[in-house]
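Engineer: Build me a model from this:
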Amino acid sequence: MLKLCTSSPKWIRGAVVATYQWAITIGLLVAAIVNNGTKNRDNASSYQIPIALQFVWALILAGGMFFLPEVAISLAFNNFSDLDLGNSHPVG
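Structural biologist: Residues are numbered from 1 along each chain as shown. Reported below is the predicted structural model:
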């Protein structure tokens, strides 16, 4: 959530956070539907299907992390001196 807020421009930051919260709500709905749909199964798939869907979303999110840039604040806290924040004065 913090990465969403710090890496998005301020004119769309509210929409990004609202979309994030909406995605969480939709995820809860999908989880409830899948759990309700698999509760009457008599074999191991009654718990394997919901867990497999969790892994699918985790892999999608983990793959997306490789394409997102580092946020400026985390680079600044790690003392990256070559970080250009638009300041003409040296840091430190």
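Engineer: residues near Ala62, how many?
Structural biologist: Number of residues near Ala62 (other CB atoms under 10 Å) recorded here: 9. Heads up, the C-betas are built off the backbone N, CA and C, glycines and all.
Engineer: cool, and the one 5 residues further on?
Structural biologist: Neighbourhood size, Phe67 [other CB under 10 Å]: 6.
Engineer: any weak-confidence spans in the chain?
Structural biologist: Applying pLDDT under 70 to the chain picks out residues 1-7, 69-92.
Engineer: 80 instead, please
Structural biologist: 1-9, 65-92 (pLDDT under 80).
Engineer: can you tell me which helix in the chain is longest?
Structural biologist: The helix spanning the most residues in the chain, taking DSSP state H as the definition, is helix 13-38.
Engineer: Okay, buried residues for that one please.
Structural biologist: Under the neighbour-count criterion of 16 or more other CB atoms under 10 Å, helix 13-38 has nothing buried.
Engineer: Give me the buried positions along the helix or strand following that helix.
Structural biologist: Beyond helix 13-38 on the C-terminal side, the first helix or strand identified by DSSP states H and E is helix 45-65. Buried residues in helix 45-65, counting neighbours by 16+ other CB under 10 Å, are found at 50, 53.
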